[in-house]
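# Provide a 3D model corresponding to the input given below.
(one chain, ligands or ions: 2)
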Amino acid sequence: MIQVYAPASIGNFAVGFDALGAAIAPIDGSLLGDLVKVSASTTTEFVCSGPYAHKLPAQAEQNLAYMCLQHFKQAVAPDMPAVRLELVKNLPVGSGLGSSACSVVATIAALDKFAGTELSDEALIELMADFEAKVSGGRHYDNITPCYLGGLQLTAELIPGKSLAIATPDNWYPVVAFPGFTLNTAKARAVLPKQLDMHHSVEFAQRLSAFCTLMLQQRSEEALSIMIDTVAEPHRAQLIEGFSAAQQALLQLGAKAVSISGAGPTLFALCDNLASAELCQQWLSDHYINEQGFSHICQLDWAGTRELNEELG
Ligand SMILES: Nc1ncnc2c1ncn2[C@@H]1O[C@H](COP(=O)(O)OP(=O)(O)OP(=O)(O)O)[C@@H](O)[C@H]1O
Ligand SMILES: N[C@@H](CCO)C(=O)O
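Numbering: from 1, shown residues only. Ligands and ions are numbered 1, 2, ... in the order given. The predicted structure follows:
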């Protein structure tokens with residue numbers, strides 16, 4: 001049996017709409033991501049289990065993991081024998097934590113390993129992006145590549161290999177809080193303007209390029225000081241009840257940057273020390289999340305998608 005884990009991710013990372021994303025891992029060691037198990041079988045079998053399985057369509061044909069399996073068998077590895085594929089759905093759907101990307105990445109990576117197809121990273125990423133695009137209302141890589149490769153990734157169609165890793169300091173603690181209600185990515189993309197005017201386009205390019213350059217020069221404090229989303233957040237904040245008040249409060253508690261994770265409604269507060277991260281998590285638990293919500297103090301997950309040997313889920 002092959003068992004592959006793919007981590008949650010923070011799309012956009014405030015300054016890089018559709019172009020920057022970070023894979024995350026809770027510091028308490030818990031797994032925040034989907035798991036896919038593939039084993040040989042006499043007939044094709046698909047099982048969806050885990051705490052959020054009931055939030056997905058009942059028909060296998062509408063589940064991205066099953067769609068990936070069908071495509072893989074037909075177009076990538078026609079000689080692959082029948083398999084039993086189980087998706088353990090650990091991430092809430094429509095959360096802003098890259099839930100659909102997580103299922104797609106774990107499934108394709110697991111099938112590639114099981115079938116021994118050994119596709120290149122770039123070919124796998126393209127395949128993964130094709131499936132993520134089916135549900136999110138646009139083709140973007142900012143959940144796919146961090147989820148697959150790990151870490152902080154600057155990622156786009158025009159980038160050679162589709163992604164460039166940006167090293168991050170060890171003292172970065174992103175605190176993520178899923179408030180407990182969902183927001184569909186396609187809906188959150190529909191509220192964005194169709195065009196950016198010259199001023200905003202130039203400012204976006206300046207901010208993202210300055211952020212990346214500062215990071216490469218290991219000037220992370222200055223990079224954090226310009227970590228503001230002027231592209232998507234102003235249009236999406238009103239879709240997320242409590243976001244603006246939380247942002248103000250968390251910045252006062254010491255978070256260095258606070259923004260929407262992906263399309264929301266998950267919020268992330270990036271702290272540069274554990275004490276601030278603990279204060280932010282406490283505030284979020286008290287004021288931002290409902291009974292269905294959760295929060296985690298994380299670090300960046302530089303391992304990305306990986307095979308797990310111990311049986312889980
Ligand atoms: N395995 C799957 N995991 C997640 N979503 C799936 C899966 N299979 C089908 N879907 C459908 O894809 C859509 C995913 O919605 P959406 O893109 O809003 O979620 P998301 O991936 O959590 O968002 P984000 O990328 O902002 O984190 C839903 O309509 C869901 O039913
Ligand atoms: N970059 C995408 C991420 C969605 O998960 C968006 O903000 O719409």
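# contacting residues for the nearest residue to Gln62 once chain neighbours are set aside?
Closest residue in space to Gln62, ignoring its immediate chain neighbours: Leu56 at 7.8 Å, by CB to CB, 6 or more residues apart in numbering. To be clear about C-beta, it is placed using only N, CA and C from the backbone, and glycine gets the same treatment. The contact partners of Leu56, taken as CB atoms under 8 Å, 6 or more residues apart in numbering, are 48, 62-63, 89, 93.
# Can you narrow these down to the ones near ligand 1?
62-63, 93 (CB under 6 Å from any ligand atom).
# Can you say which of those are buried?
The neighbour-count criterion (16 or more other CB atoms under 10 Å) marks 63, 93 among the ones next to ligand 1 among the contacts of Leu56 as buried.
# which one of the ones next to ligand 1 among the contacts of Leu56 sits closest to ligand 2?
For the ones next to ligand 1 among the contacts of Leu56, the residue nearest ligand 2 by CB to the nearest ligand atom is Val93; the value is 11.6 Å.
# pLDDT score assigned to the closest one?
On the pLDDT scale, Val93 is placed at 96.
# for it, what are its contacts?
Counted by CB under 8 Å, 6+ apart, Val93 has contacts 52, 55-56, 99-100, 182.
# just curious, which of the ones next to ligand 1 among the contacts of Leu56 is nearest to Ile108?
The nearest member of the ones next to ligand 1 among the contacts of Leu56 to Ile108, counting by CB to CB, is Asn63 at 13.8 Å.
# which residues are in contact with stretch 283-296?
24, 26-28, 30, 32, 175-181, 242, 245-246, 249-250, 253, 267, 269, 281.
# To clarify, my last question referred to stretch 59-73.
Defining contact as CB under 8 Å, 6+ apart, one finds that stretch 59-73 is touched by 36, 44, 46, 48, 56-57, 80, 83, 85, 87, 100, 103-104, 106-108, 111, 115, 127, 131, 134-135.
# of the contacts of stretch 283-296, list those near ligand 2.
Applying CB under 6 Å from any ligand atom to those, none is adjacent to ligand 2.
# Quick one, which of these are buried?
24, 26, 32, 175-179, 242, 246, 249-250, 253, 267, 269, 281.
# from those, which ones fall inside helices?
246, 249-250, 281 (DSSP state H).
# And those residues, which is closest to Ala6?
Nearest to Ala6 among these, with distances taken as CB to CB, is Gln281, at 23.7 Å.
# any idea how far the closest one lies from Gly33?
19 Å (CB to CB, to the nearest Å).
# Run through the residues of the stretch 151-300 of the chain sitting next to ligand 2.
185, 189, 232, 262-263.
# Just the closest of the residues you listed to Ser9, please.
Among those, and counting by CB to CB, the member closest to Ser9 is Gly262, at 7.6 Å.
# right, and that closest one touches Cys102 too?
No: using CB atoms under 8 Å as the test, Gly262 is too far from Cys102 to be in contact (11.3 Å).
# Spit out the residues that contact these two alike.
With CB under 8 Å, 6+ apart as the test, Gly262 and Cys102 both reach 9, 143.
# Those two: which has the busier surroundings?
Neighbours were counted for Gly262 and for Cys102 using other CB atoms under 10 Å; Cys102 has more, 33 against 28.
# now the helices for the stretch 1-150 of the chain?
For the stretch 1-150 of the chain, the helices defined by DSSP state H, counting those that start in this stretch occupy 64-71, 99-115, 121-136, 144-149.
# cool, and the stretch 151-300 of the chain?
185-190, 198-216, 220-225, 233-236, 243-252, 274-287.
# now the ones you listed as JSON lines including mean pLDDT and distance to Gln299?
As requested, the helices of the stretch 151-300 of the chain are arranged in JSON lines below (pLDDT from 0 to 100; distance: least, CB to CB, whole Å):
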{"stretch": "helix 185-190", "mean pLDDT": "92", "distance to Gln299": "25"}
{"stretch": "helix 198-216", "mean pLDDT": "98", "distance to Gln299": "16"}
{"stretch": "helix 220-225", "mean pLDDT": "98", "distance to Gln299": "14"}
{"stretch": "helix 233-236", "mean pLDDT": "98", "distance to Gln299": "23"}
{"stretch": "helix 243-252", "mean pLDDT": "98", "distance to Gln299": "18"}
{"stretch": "helix 274-287", "mean pLDDT": "98", "distance to Gln299": "10"}
